[in-house]
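Novice: with the input below, show me the fold.
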Amino acid sequence: MENKGNKRPEAVFISSSAHFRELPAPRGEEYAVMGRSNVGKSSFINHVLENKGLARVSKKPGKTTLANYYQVDKEMVWVDLPGYGYARAPGAEKLRWSRLIADYCERRPNISGLIWLIDSRHVGLKADMEAWQWFSKLNLPLFVVLTKSDKINQGERKAAIRQAVTVFGLPEEPVLYSIQEHQSRLRFWEKFNCWRQSLKQEK
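Specialist: Numbering: from 1, shown residues only. As a prediction, this is how the structure comes out:
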């Protein structure tokens with residue numbers, strides 16, 4: 001299924017893994033969903049994939065502790081990885097999260113790109129700057145989404161886009177996203193499908 005913006009993605013949960021060795025066998029395109037612990041990854045996944053029960057949502061950061069696999073279409077899988085940055089958890093648990101993220105991004109043979117979520121209200125935070133430096137070394141395709149855009153006004157939205165482009169040296173403007181706006185979903189799929197198609201053409 002090739003999502004055309006207004007067609008509902010047939011997303012289903014596949015499995016969860018705590019360690020790299022437990023990940024399912026590589027098959028098809030995989031896109032990792034990345035972001036800080038409180039950036040709203042689970043809410044974004046549920047909204048953009050139109051399934052409120054797909055990812056567990058919590059007001060407390062750090063509830064995504066595993067690599068959660070979602071089949072989005074026949075050829076594509078999204079992998080929701082633990083958030084980086086702030087989260088109340090034992091040191092050993094945080095170390096496992098870091099190892100899982102690093103192993104997946106550095107060793108997964110069929111990873112096609114990263115969907116990187118950034119809070120539109122706080123572009124350029126230290127945790128995101130550190131993540132950006134690491135992403136640059138990975139040399140993986142990056143699709144950037146600015147979340148929680150409903151919490152800022154129109155002028156601030158434009159400023160957040162400009163700042164993200166400047167701070168992270170993005171070749172294209174990031175997608176503004178709000179789980180309160182249906183238009184955000186349409187805008188995301190339009191740009192994401194174009195980006196995904198361009199990656200296929202480059203191969």
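
Novice: and the most centrally placed residue in the chain, which of the three is it?
Specialist: The centre of the chain sits closest to Val33, judged by Cα atoms, centre = their mean, with a distance of 2.6 Å. Three-state call for Val33 (DSSP: H, G, I helix; E, B strand; the rest coil): strand.

Novice: could I get the contacting residues of Leu81?
Specialist: Applying Cβ atoms under 8 Å, 6 or more residues apart in numbering to Leu81 gives the contacts 32-34, 64, 67, 100-101, 104. In this view, the C-beta of every residue, glycine as well, is placed from N, C-alpha and C.

Novice: Thr166 versus that one, what's the distance?
Specialist: Taking Cβ to Cβ, to the nearest Å as the measure, Leu81 falls 26 Å from Thr166.

Novice: let's have the contacts of Leu81 in a markdown table, adding distance to Arg21 and pLDDT.
Specialist: A markdown table is the format used below for the contacts of Leu81 (distance: Cβ to Cβ, whole Å; pLDDT from 0 to 100):
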| residue | distance to Arg21 | pLDDT |
| --- | --- | --- |
| Ala32 | 17 | 97 |
| Val33 | 21 | 97 |
| Met34 | 21 | 96 |
| Thr64 | 19 | 72 |
| Ala67 | 11 | 94 |
| Leu100 | 10 | 94 |
| Ile101 | 15 | 94 |
| Tyr104 | 11 | 96 |
